[in-house]
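Participant: Structure, please.
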Amino acid sequence: MIYNLIRTLFFFSSILISQQTVGLIYNDTTAAYNGYTLFAPQSSLSTFLIDNEGRLVNRWESEYVPGLSAYFLEDGYLLRSAAVEDPDGVDGRTGGFQKFDWENNLVWEFYYGTQHHDIEQLPNGNVLLIVNDTKLKNAAIQAGRNPDSIAGNNIRSLSILEVSQTGQETGEIVWQWNAWDHLIQDFDNLKDNYGIVAEHPELIDINFASGGAQDWLHTNSISYNNELDQILVSNRNTNEIWIIDHSITTWEAATHEGGNNGKGGDLLYRWGNPVAYKTGTDDDRKLYGQHDAHWIETGLPGASNILIFSNGFSERGYSTVDEIEPPINVNGYYELLYGAAYQPFDQTWVYTANTPEDFNSPRYGGSQRLPNGNTLICNSDGGEFFEVTSEKEIVWKYINPVSRDRIYYQGETEIDHNHVFRCYRYDEHYPGLAGKDLTPGDPIELYPTIAINDEQSIIAKFRLYDNYPNPFNPSTMIQYDLPEATQVTVAIYDLMGSAVKTLVNEFKDAGYHTVTWNGTNDRGNRMSGGVYLYSINAGPYHKTQKMVLLK
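Facilitator: Reported below is the predicted structural model:
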């Protein structure tokens, strides 16, 4: 009787929750894995950590939108890729990463012009980067690329860099692997790399995935396996995942010998589309524009298997999460029969919605195996995170409330652009959370960030945001919106109304702006702890709010 009453109450409470359109939609506390979920909305400067009730536990601020992944590390730091506006960078941007402590203090930043999509911290603290390796048209033709498959003056290949910290703003590249060193082609016997593609699955056919034009491979994820000392990457335009050896030196990485597997920098394993190495047909293809290929961690159900978010594209019209068991033997080698495609022929587990078209994220997405055997999935295009059991029952669901309206020059509008590249769940015993204040605050409010047209940011109204963090020590960020260009003053006062520090006193363009106060006065002296006021005067807009400086 009591059990039935509890189930009834739970049912009606879940209906009430499900009436929401953003934030926490559903939480089955008896089946969902309890923990803290990290996500970095693509349109936001913020990275959020929430509990299973959707309440904010911590928030980090950057001056850059993510580019694209973010991780909360076992050492208690946030590692967040950064998309830095730069007219000299690829597509108007340069990439890199920032590392913050729990209190949002920046402890390391490193930028490299063609970094994109994903990063991965190694156990030694170094960071792996996915980097575009741009080759001029003439070099691509000499390497055996069909000239008709080159759009423009170059194509973009893949390099993987390992960076070691040398200072707060510097790093040293200590290891490198280049896909360009492992090519094969059967298009022109007078050019480099000529051979029989089907006889060399360890090499990369430079003429496959010609539909990518300049963006030949479009690598979009990187993962590291410490036990194997191997790297796994996902290539969207070839519909494949690759595994390479990390035990090799940079010199060996450019050769076909050396390392734990004796193959140098050649591919140890590939899966998803055997047509890429001329073995099999389109019927053997398993992946469709996939993202987030990674090993399931030791100690979790399915450990050593690989999870992949297979987006689907328009070819299939729906997304799946695929789990595979790679054919690695006791000696650490990936088994392959001569003339055959790499196994497995079938996935170990596949998640798709009951109505497949209901789960469709053509662009990005991710997944994570949880300790209870459930899988956390990020349906990126809808900003939707949901947890499913092995039987594919949804037991937790949250929709990112941070959005923007993108206004195109034609006047068309895309509403609720709340995309999130990936999300991750960390339990209360996760080493990085040890000693942290996990007291939950309020749910994240529904708010738009930046509305954009092709030329400039468009803000609908004046707004002064809550400073973050608050309370703070040693610094805090103040954010404000300007719907029009105007003279702006942002200043700090004590409770008696005496001026402490002027942070901004200049003419500002319309848009989204930030400024940081480091707790000092206009003379550079450190202020004592206590309550302070921060005020903005911008045209007709005036507002004052409180902040707390800790000592």
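
Participant: Name the helix or strand for Arg156, please.
Facilitator: If you go by DSSP states H and E, Arg156 is part of strand 154-167.

Participant: could you point out which element follows that strand?
Facilitator: Taking DSSP H and E, what comes next after strand 154-167 is strand 170-178.

Participant: Just checking: what are the partner strands of that next one?
Facilitator: Strand 170-178 pairs in its sheet with strand 154-167 (antiparallel), by DSSP bridges.

Participant: Verify the contact between Ile119 and Ala82 for me.
Facilitator: No - using CB atoms under 8 Å, Ile119 makes no contact with Ala82, being 9.6 Å away. Any C-beta I mention is one placed from the backbone N, CA and C, and that applies to glycine too.

Participant: And the strand holding Arg156, what's buried?
Facilitator: Asn154, Ile155, Arg156, Ser157, Leu158, Ser159, Ile160, Leu161, Glu162, Val163, Ser164, Gln165 (16 or more other CB atoms under 10 Å).

Participant: gap between the fourth one and Thr238?
Facilitator: Ser157 is 12 Å from Thr238, where distance means CB to CB, to the nearest Å.

Participant: Need the residues touching each of the two.
Facilitator: Residues touching both Ser157 and Thr238 (CB atoms under 8 Å, 6 or more residues apart in numbering) are Leu217.

Participant: Name the nearest residue to the most centrally placed residue in the chain, ignoring sequence neighbours.
Facilitator: Residue closest to the mean C-alpha point of the chain, counted by CA atoms, centre = their mean, is Ser69 at 1.8 Å. Closest residue to Ser69 apart from its sequence neighbours, by CB to CB, 6 or more residues apart in numbering: Asp118 at 4.8 Å.

Participant: Average pLDDT for the helix or strand that contains Ala82, rounded please.
Facilitator: Following DSSP H and E, one finds Ala82 within strand 78-90. The average of the pLDDT scores along strand 78-90 is 73.

Participant: Given the helix or strand following it, what are its sheet partners and their directions?
Facilitator: Reading on from strand 78-90 to the C-terminus, the next helix or strand found by DSSP H and E is strand 93-100. Sheet pairing of strand 93-100 (DSSP bridges) gives strand 78-90 (antiparallel), strand 106-112 (antiparallel).

Participant: to the chain's geometric centre, what's the distance from strand 93-100?
Facilitator: On the basis of CA atoms, centre = their mean, to the nearest Å, the separation between the geometric centre of strand 93-100 and that of its chain is 12 Å.

Participant: again with stretch 30-49
Facilitator: Per CA atoms, centre = their mean, the centroid offset for stretch 30-49 relative to its chain is 12 Å.

Participant: Need the CA coordinates for it. CSV is fine.
Facilitator: This file holds the C-alpha atoms of stretch 30-49, laid out as CSV (Å, rounded to 0.1, in the frame of the first residue of the first chain):
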residue,chain,number,x,y,z
THR,A,30,15.9,5.3,-7.7
ALA,A,31,17.5,4.6,-11.0
ALA,A,32,19.6,7.6,-12.1
TYR,A,33,23.3,7.8,-11.1
ASN,A,34,23.7,10.6,-8.5
GLY,A,35,26.5,13.0,-9.2
TYR,A,36,27.4,16.3,-10.7
THR,A,37,27.1,17.1,-14.4
LEU,A,38,29.5,19.5,-16.2
PHE,A,39,28.7,21.3,-19.4
ALA,A,40,29.9,24.3,-21.4
PRO,A,41,27.2,25.8,-23.7
GLN,A,42,28.6,26.7,-27.1
SER,A,43,27.2,30.2,-27.0
SER,A,44,28.4,31.0,-23.4
LEU,A,45,31.5,32.1,-21.7
SER,A,46,30.4,30.0,-18.7
THR,A,47,31.0,26.4,-17.7
PHE,A,48,28.5,24.9,-15.3
LEU,A,49,28.5,22.1,-12.7
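
Participant: what comes up buried for that stretch?
Facilitator: Neighbour-count burial for stretch 30-49, counted by 16+ other CB under 10 Å, picks out 32-33, 35-49.

Participant: for stretch 208-224, same thing?
Facilitator: Using 16+ other CB under 10 Å as the test for burial, stretch 208-224 gives 208-210, 212, 214-224.

Participant: Repeat that for stretch 135-143.
Facilitator: Neighbour-count burial for stretch 135-143 flags Lys135, Lys137, Ala140, Ile141, Ala143 (criterion: 16+ other CB under 10 Å).

Participant: and which of those is nearest Gly519?
Facilitator: Of all the buried residues of stretch 135-143, Gly519 sits closest to Lys135, with 49.0 Å by CB to CB.

Participant: now the closest one: how far from Asp192?
Facilitator: From Lys135 across to Asp192, the span is 12 Å (CB to CB).

Participant: Mind listing the strands the helix or strand that Tyr534 is a member of pairs with, and their directions?
Facilitator: For Tyr534, the host element (DSSP H and E) is strand 530-538. When pairing is defined by DSSP bridges, strand 530-538 lines up against strand 486-493 (antiparallel), strand 541-549 (antiparallel).

Participant: most tightly surrounded among those?
Facilitator: Stretch with highest mean neighbour count among the strands paired with strand 530-538: strand 486-493 (a mean of 18; mean count of other CB atoms under 10 Å).

Participant: For the next helix or strand after that strand, output the C-alpha coordinates as CSV.
Facilitator: The C-terminal neighbour of strand 486-493 among helices and strands, as given by DSSP H and E, is strand 499-508. The C-alpha trace of strand 499-508 is given here as CSV (Å, rounded to 0.1, in the frame of the first residue of the first chain):
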residue,chain,number,x,y,z
ALA,A,499,34.9,55.5,-4.6
VAL,A,500,37.3,52.6,-4.5
LYS,A,501,38.2,51.8,-8.1
THR,A,502,37.1,52.9,-11.6
LEU,A,503,37.2,49.8,-13.8
VAL,A,504,35.7,51.3,-17.0
ASN,A,505,35.4,54.9,-18.1
GLU,A,506,35.2,55.0,-21.9
PHE,A,507,33.0,54.9,-24.9
LYS,A,508,32.0,51.3,-25.6
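
Participant: Give the buried residues for strand 499-508.
Facilitator: The neighbour-count check on strand 499-508 (16+ other CB under 10 Å) flags Val500, Lys501, Leu503, Val504, Lys508 as buried.

Participant: Quick check: bridge partners of the second one?
Facilitator: Beta bridges link Lys501 to Ile492 when assigned by DSSP bridges.

Participant: sorry, back to before: what's the overlap in contacts for Ile119 and Ala82?
Facilitator: Residues touching both Ile119 and Ala82 by CB under 8 Å, 6+ apart: Phe97.

Participant: Quick one: neighbours of Phe359, just the number.
Facilitator: When neighbours are counted by other CB atoms under 10 Å, Phe359 registers 21.

Participant: Am I right that it is in contact with Ala353?
Facilitator: Yes - between Phe359 and Ala353 there is a contact under CB under 8 Å: 3.8 Å.
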